[in-house]
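A.B. asks: have a look; sequence and predicted model below, questions after that.
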2 protein chains.
Amino acid sequence: MTSVAAYEHLEAHWRRLSHIGDAISALHWDQSVMMPPGGAAARADQIATLSVLRHDVMVDPKIEDLLSEAEAGLVGDSWQIANLAEMRRLWAHATAVPGSLVEAMSKAGSHCETMWRDARPNSDFALVLPALRDVLTLTRDIAQAKAEVLNCSEYDALLDTYEPGGQSDRIDGVFSDYAEFLPDFLDDVLCRQDLASAPISPSGPFPVEQQRALCRLMSESVGFDFNAGRLDESLHPFSTGVPEDSRITTRYDDDDYTFALMGVLHETGHAMYERGRPSAWRNQPVGDARGMTMHESQSLIVEMQACRSRAFYDWAAPVQRNAFGGFGAAWDVDNLHRRAIQVERGFIRVDADEVTYPAHIILRYRLERAMLSGDLLLSDLPGAWNDELKSLLNITPPDDRRGCLQDIHWYDGAWGYFPTYTLGAMTAAQFFETATAQDPDILAGLGRGDFAPLMNWLRENVHSQASSKSTDAIIEQATGRPLDDAAFKRHLRARYLP
Amino acid sequence: MTSVAAYEHLEAHWRRLSHIGDAISALHWDQSVMMPPGGAAARADQIATLSVLRHDVMVDPKIEDLLSEAEAGLVGDSWQIANLAEMRRLWAHATAVPGSLVEAMSKAGSHCETMWRDARPNSDFALVLPALRDVLTLTRDIAQAKAEVLNCSEYDALLDTYEPGGQSDRIDGVFSDYAEFLPDFLDDVLCRQDLASAPISPSGPFPVEQQRALCRLMSESVGFDFNAGRLDESLHPFSTGVPEDSRITTRYDDDDYTFALMGVLHETGHAMYERGRPSAWRNQPVGDARGMTMHESQSLIVEMQACRSRAFYDWAAPVQRNAFGGFGAAWDVDNLHRRAIQVERGFIRVDADEVTYPAHIILRYRLERAMLSGDLLLSDLPGAWNDELKSLLNITPPDDRRGCLQDIHWYDGAWGYFPTYTLGAMTAAQFFETATAQDPDILAGLGRGDFAPLMNWLRENVHSQASSKSTDAIIEQATGRPLDDAAFKRHLRARYLP
């Protein structure tokens, strides 16, 4: 077989893998959004069986031969070469883990997620502990197996799934730098904030139907196409689906419409990245998202950089007021904007402002490393969580619902994922700083509800690159330098200590 | 390997097949109920890939050896023996058709169904014709391949998928008998009906929210558990899912709540059959529904036998009146009951009364046989449809939306399915006649909204049998004789010419 023929076989092979993965995602979406409680066991079986099938297809022995044959002589365009390299990387990940372990992990994750859905509202960590113990044991087994093959630390082996090439050494540096920067900066911000009068909260009611309509309108302004997507409700907002069938979710809070709205804008940013990558490379590894850091940068550039900018509120404030027929000072542009950038020491990661958010991530990053290494016993997690939050933000959660039960990630089996949130926030700041410097119409556009200039920049500099280059190379090509936290700190100083 | 060990391997194998099938069903449900238009192409890819995978798992060469080994010496209980026989039957079906044909059929069906969704509202048969031609060509290829293996006619080979052991010779006899009985009987019924004053239609409005609440209440009365199921909307009502996650759908008509309600009661009957079969045999062939005739008998015994009985209206009439805050003569028990059993020469199968319904089926049965044999060209289908309806019911559809575009079946690739509707109606009549004779509390229970006596009889005599026996054997064991149309005719005479 020629290298070209081998490569073409591999493309067909990965198309099938992509379809199976998309089917699994659709089943997960249904589980979180539509499924009645009785369906949990059968759904876990379905997803486990498909996960094993996907794994079996991935580790098909003939793939190794095809990879070697293609690598021996492929001289295609750079995207084909990059595609082949991504295939090799994914194949290494998959073959490191036996099928029985994949199946066990899928079932344990589904079961633990179901338990967590009961445990969280009741702050009942003990209820979910046995299931979480199973998840952790299997996660360790997977980390160990991958670390041997990838020749890295066990934690980095998990991280690599979400952030290809990610290194905890580098993260340690960035995170300890931020942990040092935060206390004084946060004090200054809160001090300055306290000097001004508190922004007025618009008073409701905020009926869910009107909240939903506002969310749809603003999501469409960013570029979301409801002929190619849906907006639904789930306990934990998320986005999934395929580019022409993008599923985003949120939660509605009767007392504060901004929670759902900002969640939808966040998920819309994710969806735009899915939709914006080259359709010619769809269902191929090189056409995939570059990693979760890049993905989060796209949600945060919409939610945090664009949709909390002062410019945006010239358009957004009257639109929000009209959505609820509101009147009075609470709906003034400056008041709504000030309200959108309030900083607070809080318990909940997804409600956190961008200044304190990294503290929540640093906490999780430290704790998940300690649990994986065995330095922290699972039964001690609630206490360790509270100690860590005390040391980082000087507050203590009143219960585990607002502590270690708040996020789905660990319970669902996503270990090594958390750091990408804060790396994404820093990437978003670096992109936005460069983009707005290169095109002044980006900020002007936000002021008239026109996201096209921003999205054009992102399409050209980020979305169009897909996985053809490394995260660092995409950032460097777009902004002139690799990722650092300088732009993020400049952004925070400009917004909070002007 | 011992026969027992081989058999146990086969059980594990079929569990996986069942999980894949359940996943495919969930994707179909989403496609019909939730998916935005943009998702069609990707969903077709997902379902096609999973269908091929299922086929690959099914035709795994080691299965033939396992079947032979198990058959050589298995002396288990009768359910194990029956399970093994069902496995052999399913394996024969699957191995008759090459994987490439399975994939092509899945894609063609998905594509044609999507085209049909556009074609139907616009009565645009030409729009869907090319896609339907592809479906028919592939269906013929499948029929031919299966007929050779099953040693039967091509039509019977398709029928066997839906009604194991079904024979068109026998159907020809039953259908021509009914086609002879119908004209005089229908004249008599309509003549008698015309002598009485027409029942009064309750006047709306019938807001969808209130219709939905009524549908849920009545479905729950039959036994549907909303912790283990959902009720949603789709163009064509259907039921799917797994026993503890049962998904039923309906359509709401603003002007007439009974359309949605009777649809929900029908689908609830299907769901009760799914839920009622032995959980010990779940995900095994012997635990599956016996076939579509039996399945339809369970929906029709609820919708037609129980929920159009005079006894039922003692309870149902006031419940319906209260659901909409109605008042006046239209809501009287006798009026609502008479309205529920009106007979009419109509165009639409799913709206048809039980007297004329078989005519719609006889039409489709005759036409699908003619299209498959090549006696009828697809381009001539609209005309042939209209001619046939003229000859059976003496009416002509004004357009194809109310003619050959009304049903999803052919467009979705379900050829050989239609006769099971009328065989199911006859089976339901035979079951209900025996059940109500054996337990007088069944009719009394309906009068107080208590379906437990009827459901107990069905669980014991039908649901509990699953696929452990043939359709005929189950009917004979429950009613003392094989299926005939005598009970159905007695039922029609008693209800319509008392």
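C.D. replies: Sure, I can see it. Residues are numbered from 1 along each chain as shown, chains lettered A, B, ... in the order given.
A.B. asks: any idea which helix or strand comes after the longest helix seen in chain A?
C.D. replies: Among the segments of chain A that qualify as a helix by DSSP state H, the longest is helix A:3-33. Proceeding N to C from helix A:3-33, the next assigned helix or strand is helix A:40-58, under DSSP states H and E.
A.B. asks: quick one: the strands in the stretch 201-350 of chain A?
C.D. replies: Assignment of strands within the stretch 201-350 of chain A using DSSP state E, counting those that start in this stretch yields the ranges A:229-233, A:239-242, A:245-250.
A.B. asks: pairing partners for the last one, with directions?
C.D. replies: Yep, that's strand A:245-250 we're talking about. Applying DSSP bridges to the sheet, strand A:245-250 is found paired with strand A:229-233 (parallel), strand A:239-242 (antiparallel).
A.B. asks: so which of the ones you listed comes closest to B:Met262?
C.D. replies: strand A:229-233 (29.2 Å; CB to CB). Backbone N, C-alpha and C define where each C-beta goes, glycine included.
A.B. asks: so for that closest one, what gets flagged as buried?
C.D. replies: Of the residues in strand A:229-233, those scored as buried under the neighbour-count criterion (16 or more other CB atoms under 10 Å in any protein chain shown) are A:Gly229, A:Arg230, A:Leu231.
A.B. asks: hmm, who's touching that strand?
C.D. replies: Applying CB atoms under 8 Å, 6 or more residues apart in numbering or on different chains, the set of residues contacting strand A:229-233 from outside is A:33-34, A:212, A:215-216, A:219, A:241, A:245-252, A:264, A:271, B:34, B:36, B:38.
A.B. asks: what about stretch A:66-83, distance to the chain center?
C.D. replies: If you compare the mean C-alpha spot of stretch A:66-83 with that of the full chain, they lie 31 Å apart, counting by CA atoms, centre = their mean, to the nearest Å.
A.B. asks: contact partners of that stretch?
C.D. replies: A:1-4, A:6-7, A:9-11, A:13, A:84, A:87-88, A:91, A:281, A:284-287, A:467-469.
A.B. asks: of the residues you listed, buried ones?
C.D. replies: Neighbour-count burial within the contacts of stretch A:66-83 applies to A:3, A:6-7, A:9-11, A:13, A:84, A:87-88, A:91, A:281, A:284-287, A:467-469; the criterion is 16+ other CB under 10 Å.
A.B. asks: and chain A, which of its residues are near chain B?
C.D. replies: By CB under 8 Å from any CB of the partner chain, the residues of chain A that approach chain B are A:15-16, A:19-20, A:22-23, A:26-27, A:30, A:34-39, A:41-43, A:45-50, A:53, A:57, A:225-230, A:241-245, A:283.
A.B. asks: could you pull up the residues touching A:Pro382?
C.D. replies: Counted by CB under 8 Å, 6+ apart, A:Pro382 has contacts A:Phe125, A:Asp400, A:Gly403, A:Cys404.
A.B. asks: what helix or strand does the closest residue to the last one other than its chain neighbours sit in?
C.D. replies: The one in question is A:Cys404. In space, A:Cys404 comes closest to A:Trp385 once its chain neighbours are excluded; the distance is 4.3 Å by CB to CB, 6 or more residues apart in numbering or on different chains. A:Trp385 belongs to helix A:381-393 when assigned by DSSP H and E.
A.B. asks: which residue is nearest the middle of chain A?
C.D. replies: Residue closest to the average C-alpha location in chain A (CA atoms, centre = their mean): A:Glu296, at 4.6 Å.
A.B. asks: correct me, but that residue touches A:Met426?
C.D. replies: No - taking CB atoms under 8 Å as the definition, A:Glu296 is not a contact partner of A:Met426, at 9.8 Å.
A.B. asks: run a quick neighbour tally on A:Arg43.
C.D. replies: The burial metric for A:Arg43, expressed as a neighbour count using other CB atoms under 10 Å in any protein chain shown, is 24.
A.B. asks: can you read off the pLDDT for it?
C.D. replies: We have a pLDDT of 95 for A:Arg43.
A.B. asks: again, but for A:Val350
C.D. replies: As predicted, A:Val350 sits at a pLDDT of 86.
A.B. asks: from A:Thr250, how far off is it?
C.D. replies: Distance, A:Val350 to A:Thr250, by CB to CB, to the nearest Å: 11 Å.
A.B. asks: and if you look at A:Val333?
C.D. replies: In this view, A:Val333 and A:Thr250 are 24 Å apart by CB to CB.
A.B. asks: what about these two, which has more around it?
C.D. replies: Looking at A:Val333 and A:Thr250 with other CB under 10 Å, you find the greater number of neighbours at A:Thr250, namely 26 against 16.
A.B. asks: with just CA atoms, put the helix holding A:Trp385 into CSV.
C.D. replies: What follows is the C-alpha trace of helix A:381-393 in CSV, where atoms were taken according to Å, rounded to 0.1, in the frame of the first residue of the first chain:
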residue,chain,number,x,y,z
LEU,A,381,-11.6,16.2,50.6
PRO,A,382,-14.3,18.4,52.2
GLY,A,383,-12.0,19.6,54.9
ALA,A,384,-9.0,20.1,52.6
TRP,A,385,-11.3,22.1,50.2
ASN,A,386,-12.3,24.4,53.0
ASP,A,387,-8.8,24.9,54.3
GLU,A,388,-7.5,25.7,50.8
LEU,A,389,-10.3,28.2,50.1
LYS,A,390,-9.6,29.9,53.4
SER,A,391,-6.0,30.3,52.5
LEU,A,392,-6.6,31.6,49.0
LEU,A,393,-9.7,33.8,49.5
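A.B. asks: tell me which residues of that helix come out buried.
C.D. replies: A:Leu381, A:Pro382, A:Ala384, A:Trp385, A:Asn386, A:Glu388, A:Leu389, A:Leu392, A:Leu393.
A.B. asks: what is the subsequent helix or strand relative to that helix?
C.D. replies: Scanning onward from helix A:381-393 (DSSP H and E), the first element met is helix A:409-412.
A.B. asks: and that next one, what does it pack onto?
C.D. replies: Using 3 or more CB pairs under 8 Å, 6 or more residues apart in numbering or on different chains; DSSP states H and E as the contact criterion, the elements in contact with helix A:409-412 are helix A:99-119, helix A:125-150.
A.B. asks: got the domain ranges for chain A?
C.D. replies: Residue ranges for the structural domains of chain A, counted by automatic domain parsing, are given in the record as A:3-162, A:166-498.
A.B. asks: save those domains as JSON lines, and put in distance to B:Leu136 too.
C.D. replies: Compiled in JSON lines, the domains of chain A are given as follows (distance: least, CB to CB, whole Å):
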{"stretch": "domain A:3-162", "distance to B:Leu136": "26"}
{"stretch": "domain A:166-498", "distance to B:Leu136": "28"}
